[in-house]
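Q: this is the structure alone, sequence omitted:
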């Protein structure tokens, strides 16, 4: 069914008391209101704050979070680090957009971030890959200078079902197959020469999606 996007008034309260016969226009109003709630108001989102330290190459000063201090570097254990963020999808979670904040260091390797979607049916960390996702390259990096956090966003446009077996270099949202919608998902994020400070996941609202 098509989901109305404009405000739909609920039926008159007196017509919905226990024992009342409900039919016709009243049923239609209630159905439209419930459809709006399930397709808009109840869409999911998740927000993760990530904190770890950076260190000064020629100084014992440490900074908390991903923000780099003067003469600071991304700690070596975060050069190729893997994060696993759990996300409870809904029945209409066909696309997942994401936004992350970070600080990058241009060292021996190019700063990059890979994001993919996995099932948690067998194991939260090594479940079946649902979408090999995307890889952000050429991220902003500031060497050893003071670096405020930068941001990157997946966008919300996805007009095809991905068939990739490696991360796409074209930035896009993650695609969730219909058989996995409503399940607990693992959004796997792998960074290279990047200190992550926040990761945010959102359902992309689609008016005509039917569970």
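A: Done, it's in. Quantities reported herein were computed from a predicted structural model and do not represent experimental measurements.
Q: for residue 202, list the residues it contacts.
A: Residue 202 makes contacts with 43-45, 96-99, as judged by CB atoms under 8 Å, 6 or more residues apart in numbering. No exception for glycine: its C-beta is placed from N, CA and C like everyone else's.
Q: again, 10 Å this time
A: Residues counted as contacts of residue 202 (CB atoms under 10 Å, 6 or more residues apart in numbering) are 43-47, 87, 93, 95-99, 154, 156, 173.
Q: from residue 155, how far out is it?
A: 11 Å (CB to CB, to the nearest Å).
Q: and if you look at residue 109?
A: 25 Å.
Q: in the protein, which spans are strands?
A: Ranges of strands within the chain are 45-49, 53-56, 59-64, 72-73, 82-88, 95-104, 112-119, 129-136, 150-153, 174-175, 184-192, 194-203, based on DSSP state E.
Q: out of the ones you listed, which is closest to residue 33?
A: Ranking the strands of the chain by proximity to residue 33 (CB to CB) places strand 194-203 first, at 19.6 Å.
Q: that closest one pairs with which strands?
A: As defined by DSSP bridges, the strand partners of strand 194-203 come to strand 45-49 (antiparallel), strand 95-104 (antiparallel).
Q: may I have the beta-bridge partners of residue 49?
A: residue 198.
Q: touching, it and residue 198? I think so.
A: Yes - using CB atoms under 10 Å, residue 49 is in contact with residue 198, at 5.5 Å.
Q: care to break the protein down by domain?
A: The chain breaks down into these domains under automatic domain parsing: 1-42, 44-203.
Q: kindly check the end-to-end length of the longest one for me.
A: Length of domain 44-203, first residue to last, CA to CA, to the nearest Å: 6 Å.
Q: give the rounded mean pLDDT of it.
A: For domain 44-203, mean pLDDT is 81.
Q: so which of the strands of the chain is nearest residue 28?
A: Nearest to residue 28, of all these, is strand 194-203, at 26.1 Å by CB to CB.
Q: orientation of that closest one relative to strand 129-136 in degrees?
A: Taking axes from the mean of the first three to the mean of the last three CA atoms, to 10 degrees, strand 194-203 and strand 129-136 form an angle of 130 degrees between their directions.
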